[in-house]
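Visitor: okay, structure incoming, though there's no sequence with it:
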């Protein structure tokens, strides 16, 4: 008799908003570590291809996580000769290139935005103010 057990897949959704990238990417990498495919996304040896099963697991989690058209398209179009149905490493690199600020101008802008924040009352909890 076949096993008809229903599996639950837990996905960490990504909104596609730049302001959500930092939290989502770190959470996704923590999940990748627990699930055993972190090295697929950030390899120790970039010249070595990942195992097919690990790549498929990572790629599927990425594509299921992307909830809007831009990030979904980035992942969907991430293929390589080794993984023509979807390359998780390429997808992760493309997502980082799109959403992670890596230019000096972007970093200066973030610093300026932080310095322009003002806490309106000394009685307020500063944690929500700092994390906005």
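Guide: Done, it's in. These numbers come from a predicted model, not from an experiment.

Visitor: is the residue minimising distance to the centre of the chain in a helix, a strand, or coil?
Guide: With distances taken as CA atoms, centre = their mean, residue 25 lies nearest the centre of the chain, 3.5 Å away. Classification of residue 25 using DSSP: H, G, I helix; E, B strand; the rest coil returns helix.

Visitor: mind checking pLDDT for it?
Guide: Residue 25 is assigned 96 on the pLDDT scale.

Visitor: pretty sure it is in contact with residue 98, am I right?
Guide: No: the pair residue 25 / residue 98 is not scored as a contact, 11.3 Å apart, by CB atoms under 8 Å. Using the backbone N, CA and C atoms, a C-beta is placed for each residue, glycine as well.

Visitor: what about this structure, any weak spots by pLDDT?
Guide: Applying pLDDT under 70 to the chain flags residues 1-4, 106, 110, 129-132.

Visitor: and with 80 instead?
Guide: Scanning the chain with the threshold set as pLDDT under 80 gives 1-9, 101-132.

Visitor: so what's residue 44 up against?
Guide: Taking CB atoms under 8 Å, 6 or more residues apart in numbering, we find residue 44 in contact with no residue.

Visitor: so residue 96 makes contact with residue 22?
Guide: No: with contact defined as CB under 8 Å, residue 96 does not reach residue 22; the gap is 11.3 Å.

Visitor: tell me which of these two has more neighbours.
Guide: residue 96 (15 against 12; other CB atoms under 10 Å).

Visitor: once you drop chain neighbours, what's closest to that one?
Guide: Closest residue to residue 96 apart from its sequence neighbours, by CB to CB, 6 or more residues apart in numbering: residue 25 at 7.5 Å.

Visitor: that neighbour and residue 125, how far apart?
Guide: Per CB to CB, to the nearest Å, residue 25 is found 26 Å from residue 125.

Visitor: check residue 71 too.
Guide: For residue 71 relative to residue 125 (CB to CB), the value is 32 Å.

Visitor: do a quick rundown of the helices in this structure.
Guide: Under the criterion DSSP state H, the chain contains helices at 18-35, 38-41, 52-65, 69-76, 88-99, 104-116, 126-130.

Visitor: thank you kindly, that will do.
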